[in-house]
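> Pasting the sequence and the predicted coordinates here, then a few questions.
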Amino acid sequence: MSLLNQLKFYTTHEHTCGYDNDKKATSLFVDPEIKINDIIYRELTDTGFRRSGKHFYRPHCQSCNDCIATRIPIKHVTLSKQQKRIIKKNNDLTSQQVESINTDEHYRLFEKYIAMRHSDGDMFPASREQYNEFLINDQTFTRYTEYRLNEELVAVNLADQLVNGLSAIYTFFDADHARRSLGSFAILQLIEQTQALNGTYLYLGYWIKSCQKMNYKIDYRPMELLINGRWKRLR
């Protein structure tokens with residue numbers, strides 16, 4: 001029996017969709033008072049749930065199924081020539097895992113990223129309170145990785161370690177280094193980290209075909225999409 005049957009779920013009130021202002025959205029979320037262990041987290045992720053701060057949720061819209069969960073089967077990854085060039089282009093960066101990103105330096109990079117890349121979204125303008133609620137938490141499965149050019153902090157990614165791989169939570173970077181394709185580089189690094197853990201999948205969150213900002217998620221091959229409750233390989 002699935003452990004998910006033992007959880008309590010709630011739905012949000014209908015609200016404006018964060019990806020299409022002409023649509024209304026509803027989310028299904030797990031009772032935030034419930035302790036999520038490794039096994040439950042894996043089951044949630046395999047059924048299309050994501051984590052945002054302390055909340056585990058998935059879209060639950062009545063008239064739309066555009067949000068599709070994605071994952072990369074790590075053992076079969078094939079990098080394109082462009083992806084290999086991105087890795088080479090960033091060979092001069094150093095990376096390290098850190099215990100926390102609750103510092104002024106990390107927040108300033110996040111604030112700059114939101115202002116430069118997401119000024120049209122609901123996270124603009126950034127605030128320290130929003131940053132703390134979204135990215136600073138006491139989850140034992142969260143891995144923080146920072147990337148530096150000499151001493152300069154240029155990118156940060158967050159991923160949750162699952163029993164079968166990693167789940168990419170969020171990446172923010174210095175948009176002044178656009179030629180480096182730091183967002184794509186962060187995913188390539190997560191692929192490498194998942195391989196090092198002998199993980200099976202890297203989960204990348206939701207993809208919406210009509211959302212141009214999400215097109216990068218299907219640049220990785222092979223890719224699997226959760227459609228009608230079943231994972232299917234995108235060729």
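Sure, I can see it. Numbers count the residues shown, from 1 in each chain.

> centre of the chain versus stretch 137-151, how much separation?
From the chain centre to the centre of stretch 137-151 is a distance of 14 Å (Cα atoms, centre = their mean, to the nearest Å).

> who's in contact with that stretch?
38, 41, 51, 53-54, 90, 92-101, 106, 153-162, 166, 169, 173, 177, 182, 185-186, 189, 193 (Cβ atoms under 8 Å, 6 or more residues apart in numbering). Every residue, glycine included, has its C-beta placed from N, CA and C.

> okay, and the helix or strand of the chain with the least pLDDT?
When the helices and strands of the chain are scored by mean pLDDT, DSSP states H and E, strand 15-16 comes last with a mean of 88.

> quick one: buried residues of whichever helix or strand residue 153 is part of?
Under the criterion of DSSP states H and E, residue 153 resides in strand 152-162. Residues 153-162 are the ones in strand 152-162 that count as buried (16 or more other Cβ atoms under 10 Å).

> And those residues, which is closest to residue 46?
Closest to residue 46 out of these is residue 162 (9.2 Å), distances taken as Cβ to Cβ.

> That closest one contacts residue 45, correct?
Yes - counting by Cβ atoms under 8 Å, residue 45 is a contact partner of residue 162 at 6.2 Å.

> what is in contact with these two at once?
Residues touching both residue 162 and residue 45 (Cβ under 8 Å, 6+ apart): residue 203.

> returning to that earlier point: next secondary structure element downstream of the least confident helix or strand of the chain?
Assigned by DSSP H and E, the successor of strand 15-16 is strand 24-25.

> Can you give me the distance of the residue nearest the centre of the chain to residue 180?
In the chain, the C-alpha nearest the mean C-alpha coordinate belongs to residue 169, at 3.0 Å (Cα atoms, centre = their mean). Distance of residue 169 to residue 180, computed by Cβ to Cβ, to the nearest Å: 21 Å.

> one step back: ok but the residue nearest to the centre of the chain is inside a helix, no?
No - looking at residue 169 with DSSP: H, G, I helix; E, B strand; the rest coil, it is strand, so not inside a helix.

> Without its sequence neighbours, what residue ends up closest to it?
Nearest non-adjacent residue to residue 169, counting by Cβ to Cβ, 6 or more residues apart in numbering: residue 158, 4.2 Å away.

> any weak-confidence spans in the chain?
Scanning the chain for pLDDT under 70 picks out 1, 138, 235.

> Helices of that one, residue ranges please.
Here the chain has its helices, by DSSP state H, at 38-46, 81-89, 104-117, 128-135, 182-196.

> can I get those in JSON lines with distance to residue 30 and mean neighbour count?
Conversion of the helices of the chain to JSON lines gives the following (distance: least, Cβ to Cβ, whole Å; neighbours: other Cβ atoms under 10 Å):
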{"stretch": "helix 38-46", "distance to residue 30": "7", "mean neighbour count": "18"}
{"stretch": "helix 81-89", "distance to residue 30": "34", "mean neighbour count": "13"}
{"stretch": "helix 104-117", "distance to residue 30": "26", "mean neighbour count": "16"}
{"stretch": "helix 128-135", "distance to residue 30": "17", "mean neighbour count": "15"}
{"stretch": "helix 182-196", "distance to residue 30": "24", "mean neighbour count": "20"}
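
> Turn those helices into TSV, including distance to residue 72.
Output for those, formatted as TSV (distance: least, Cβ to Cβ, whole Å):
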stretch	distance to residue 72
helix 38-46	13
helix 81-89	12
helix 104-117	23
helix 128-135	23
helix 182-196	7
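
> Could you chop this structure up by domain?
If you go by automatic domain parsing, the domain ranges for the chain are 3-67, 70-234.
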